[in-house]
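> Give me coordinates for this.
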Amino acid sequence: MKQLFLGAGVFCLLFAVIPLFFYGVFNQGVTALAVAGLFFLLLVYKWEDWARLRHILLPFMAVGLIGAAFLSMRMGEAGWRNQVTHQPVDGVVVLGGKIRGDQPTLVLGRRLDKAAAYLLENPQLPCVVTGGQGADEEYTEASIMAAYLERAGVAPHRILQEDQSVNTQQNLAFAAALLPEGTQSVVIVTDGFHQLRAGIYAKMAGLEGIALSSKTPWGLLPAYWVREWAAIGVAFVKSLAV
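Next up is the predicted model:
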């Protein structure tokens with residue numbers, strides 16, 4: 001058991017450091033991994049002194065682990081099993097992400113590459129790129145995304161810009177308002193870990209979301225994955241209130 005906590009602590013700290021130093025990414029997932037990693041290592045260091053605390057915490061940790069495993073299975077199913085094939089759809093929605101200057105970040109660039117390939121194969125479909133202008137951004141995410149798709153060969157008249165949203169819920173709600181009347185099913189292009197939450201918000205916006213997942217850089221995936229657990233919980237609660 002002690003070795004298990006040691007391994008968990010090293011893993012958490014490693015994947016808290018990698019996003020910061022190799023990708024310049026800091027988010028709630030990085031913070032959560034850093035805190036968990038330090039706690040696990042401290043628990044190992046104080047193994048004998050904290051024996052009573054360990055016995056109190058273990059049932060709660062077991063429940064948390066089961067919950068995380070269940071949620072991760074649902075995320076994996078939504079992100080990689082529910083992939084678009086050849087079923088008819090009415091449009092494409094590309095979910096926004098951070099930009100740096102007038103260029104997408106690595107994660108957003110991969111989403112756009114995935115979307116461009118699909119749009120070039122399906123020239124009849126309209127596309128909505130989503131994302132407003134963050135406090136630390138010079139342009140709207142949607143404008144940078146549209147320019148990227150145009151450079152990839154997607155005709156400008158096919159690209160609709162949703163440039164007011166600040167989160168995933170707004171991405172999909174505002175995109176639904178821009179799509180042609182009668183739109184029901186859309187291909188949602190985002191990272192696999194993001195598809196479950198995107199599907200919840202798509203349903204709230206009156207859309208059937210079908211996943212087309214881009215590949216997340218391995219060094220970022222644990223931090224994004226952990227952050228997504230809490231975000232999915234919020235999305236689920238919001239969906240119950242609709």
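> What separation is there between the residue nearest the centre of the chain and residue 213?
When the chain is reduced to its mean C-alpha position, the closest residue under CA atoms, centre = their mean turns out to be residue 194, at 3.1 Å. Residue 194 sits 8 Å away from residue 213, going by CB to CB, to the nearest Å. Heads up, the C-betas are built off the backbone N, CA and C, glycines and all.
> shared neighbours of those two, anything?
Overlap of the contact sets of residue 194 and residue 213 (by CB atoms under 8 Å, 6 or more residues apart in numbering) consists of residue 79.
> List the buried residues in whichever strand or helix holds residue 14.
When elements are defined using DSSP states H and E, residue 14 is found to belong to helix 2-18. Of the residues in helix 2-18, those with enough neighbours to count as buried (16 or more other CB atoms under 10 Å) are 5, 6, 8, 9, 12, 13, 15, 16, 18.
> Columns pLDDT on top of these, output as JSON lines?
Putting those into JSON lines (pLDDT from 0 to 100) gives the following:
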{"residue": "5", "pLDDT": "94"}
{"residue": "6", "pLDDT": "96"}
{"residue": "8", "pLDDT": "96"}
{"residue": "9", "pLDDT": "97"}
{"residue": "12", "pLDDT": "98"}
{"residue": "13", "pLDDT": "98"}
{"residue": "15", "pLDDT": "98"}
{"residue": "16", "pLDDT": "98"}
{"residue": "18", "pLDDT": "98"}
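> just the helices in this protein please.
In the chain, helices defined by DSSP state H lie at 2-18, 28-45, 51-76, 106-121, 141-151, 168-178, 195-204, 221-241, listed in chain order.
> Tell me which of those helices sits nearest to residue 134.
Nearest to residue 134, of all the helices of the chain, is helix 141-151, at 7.6 Å by CB to CB.
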